[in-house]
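A.B. asks: pasted the sequence and its predicted model underneath.
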Amino acid sequence: MSGTSVDGVDGVLARLGGGQPPQVLASASLPMPVGLRQELLALNQPGEDELARGALAANALARLYVQAVAALLQDAAVAAQDVAAIGAHGQTVRHRPDRGYTVQLNAPALLAELTGIDVVADFRSRDVAAGGQGAPLVPPFHAAVFGAAHGRAVLNLGGIANVTLLAPGQPPRGFDTGPANVLLDGWCQRHLGAPFDADGRWAATGRVLAPLLEQLIAGEPWFALPPPKSTGRDLFNMQWLDSRLAAYDGPSPAPQDVQATLERLTARSVANAIDAAAPGTQEVYVCGGGARNPGLMRELAYCLQRPVQATDALGVPAQEVEALAFAWLAQAFLERRPAGMPAVTGARGERILGGLYPA
């Protein structure tokens with residue numbers, strides 16, 4: 001898995017099935033090379049020679065996936081021929097289900113060629129073809145692994161935040177809630193030259209600007225849309241933030257105050273979404289890169305007024321959840337088991353997600 005934060009590739013080698021909980025045999029995290037990260041971010045916007053640049057970036061990403069696969073096989077002492085399939089999500093560079101498409105850069109044929117393992121990829125387009133959002137895809141996995149006898153939310157904090165709402169006796173629900181790290185990382189990169197605000201330390205030096213926070217939320221119609229809904233860098237990007245700051249009628253804010261306010265924006269938009277859709281939620285478990293930011297976790301606890309913990313407390317490290325979810329989705333494809341959920345994505349019906357690239 002490589003997500004909208006574009007900070008690295010996470011992989012797991014897992015044993016699935018047999019009526020048993022997923023067993024992670026090995027995990028690996030590789031940093032995204034600086035040049036590739038810059039190119040992937042640039043490809044989120046229109047530019048010159050996009051087709052060729054996108055194809056070359058996809059090949060480079062696949063070769064990074066190959067490194068992750070090699071590390072997993074070595075760590076677990078497992079041979080490639082003993083692996084049923086690789087689930088490879090690819091890198092989202094466009095997500096416009098309102099216009100009938102979503103684009104994940106990937107080179108699954110190259111990945112299959114270089115690893116000697118079947119690859120399942122392109123998980124989102126079948127759901128979009130059926131009129132769905134193509135996202136989020138992980139709620140059925142969250143329900144299978146994190147279900148409880150009471151109201152529980154599983155929150156993924158990557159570049160974008162998405163939440164799965166679990167309640168006993170009810171099918172899972174899920175949707176995107178808005179920006180997670182995408183604006184925080186972009187603002188930090190601009191002012192500190194760092195890819196992210198480590199532990200939220202820079203945000204902690206600022207103060208939340210309540211009028212700016214209100215303007216950011218009230219001035220964006222997407223927040224008020226009912227589920228099913230999804231979003232990405234197509235909407236929440238630095239141009240979005242710059243236009244809101246330009247329209248801000250208060251005193252010119254200090255950069256650290258903007259960072260603190262953006263951290264609160266992530267937490268507040270999550271809390272608003274959960275309170276509106278599932279007020280009976282008793283606890284929230286967090287996965288993704290944002291779970292490692294103690295400042296953001298404190299903001300979530302403050303805004304949610306509920307216990308907030310990383311999914312590590314449920315036995316699955318926060319950094320492994322997304323990669324494990326796509327292993328689970330790959331297994332669902334191999335079994336020809338529908339994994340798309342109309343109640344989550346708005347598709348016309350359940351669909352088998354993914355396409356196979358044999359080794």
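C.D. replies: Now that the structure is in, tell me what you want to look at.
A.B. asks: any buried residues in stretch 240-253, and which?
C.D. replies: 240-241, 248, 253 (16 or more other CB atoms under 10 Å). Every C-beta, even on glycine, is put in place using the N, C-alpha and C of the backbone.
A.B. asks: now intersect those with the helices, please.
C.D. replies: Members of the buried residues of stretch 240-253 lying in helices (criterion: DSSP state H): 240-241.
A.B. asks: which of the buried residues of stretch 240-253 sit farthest apart?
C.D. replies: Across the buried residues of stretch 240-253, the two members that end up farthest from each other (CB to CB) are Trp240 and Pro253, 16.2 Å apart.
A.B. asks: so this protein: which segments form each domain?
C.D. replies: The record's domain parsing of the chain by the TED database lists 8-135+320-357, 138-314.
A.B. asks: contact partners for Ala129?
C.D. replies: Contact analysis of Ala129 by CB atoms under 8 Å, 6 or more residues apart in numbering lists Gly100.
A.B. asks: again, but for Gly54
C.D. replies: Shown here is Gly54, whose contacts under the criterion CB under 8 Å, 6+ apart are 43, 93, 105.
A.B. asks: how about a cut-off of 6 Å?
C.D. replies: Residues in contact with Gly54 (CB atoms under 6 Å, 6 or more residues apart in numbering) are 43, 105.
A.B. asks: so it: helix, strand or coil?
C.D. replies: Three states are possible here, and by DSSP: H, G, I helix; E, B strand; the rest coil the one that applies to Gly54 is helix.
A.B. asks: Ala77 versus that one, what's the distance?
C.D. replies: When CB to CB, to the nearest Å is the yardstick, Gly54 and Ala77 sit 36 Å from each other.
A.B. asks: phi first, then psi, for the spatially most central residue of the chain.
C.D. replies: For the chain, the residue nearest the mean C-alpha position is Gly158 (4.5 Å; CA atoms, centre = their mean). Phi and psi for Gly158, reported as degrees, to the nearest 10, are phi -100, psi -140.
A.B. asks: the one 5 residues further on now?
C.D. replies: When quoted as degrees, to the nearest 10, the phi and psi of Val163 stand at phi -130, psi 140.
A.B. asks: contacts for stretch 141-149?
C.D. replies: Judged by CB under 6 Å, 6+ apart, the contacts made with stretch 141-149 from elsewhere in the structure are 154, 164, 166, 168, 172, 314, 325, 328.
A.B. asks: just the residues you listed: which are in helices?
C.D. replies: Taking DSSP H, the ones among those that sit in helices are 325, 328.
A.B. asks: flag the shaky bits of the stretch 101-250 of the chain, pLDDT-wise.
C.D. replies: Residues of the stretch 101-250 of the chain that meet the criterion pLDDT under 70 are absent altogether.
A.B. asks: need the strands for it, in chain order.
C.D. replies: Remark: strands of the stretch 101-250 of the chain, listed N- to C-terminal, are 101-105, 119-121, 152-157, 160-166, 173-179; assignment by DSSP state E, counting those that start in this stretch.
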